[in-house]
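Participant: Sharing a model that was predicted from the sequence below.
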Amino acid sequence: MNNVDVVAQISDLKETDYRNTLAIATLIELLIENKIITRQQFAKKSYHLDNMTLEELKVARAQL
């Protein structure tokens, strides 16, 4: 693989990352606007998940 291919792939990944981030942000805003969740609930859950260990995440996922 040459350098041009690598740069093109990185550019594609950046575009995909941007689009995924935009989609997630849009969903969050719609959930808040439609009073399904509050910003405080979102922030609290985000903080909680960010502070969970990998093992805790595996156990939580297995319980679903």
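Facilitator: Received, thanks. The structure presented is a predicted model; accordingly, all values stated were derived computationally and were not measured.

Participant: Please, where are all the helices along the chain?
Facilitator: With DSSP state H as the criterion, the chain has helices at 3-33, 39-51, 54-62.

Participant: Check which helices and strands the second one sits against.
Facilitator: Translated: helix 39-51. helix 3-33 (3 or more C-beta pairs under 8 Å, 6 or more residues apart in numbering; DSSP states H and E). Heads up, the C-betas are built off the backbone N, CA and C, glycines and all.

Participant: go on, the first one?
Facilitator: Counting contacts by 3+ C-beta pairs under 8 Å, 6+ apart, helix 3-33 packs against helix 39-51.

Participant: re the thing from before, select from the helices of the chain the stretch with the lowest mean pLDDT.
Facilitator: The minimum mean pLDDT among those belongs to helix 54-62 (a mean of 82).

Participant: Enumerate the positions of it that are buried.
Facilitator: For helix 54-62, the neighbour count (16 or more other C-beta atoms under 10 Å) marks no residue as buried.

Participant: Residue numbering should commence at 51 henceforth.
Facilitator: Right, with 51 as the first residue, what we last looked at is helix 104-112.

Participant: pLDDT wise, what is Gln113 at?
Facilitator: Looking at Gln113, its pLDDT stands at 88.

Participant: Look at Ile82 and say how many residues are nearby.
Facilitator: Using other C-beta atoms under 10 Å, Ile82 has 14 other residues around it.
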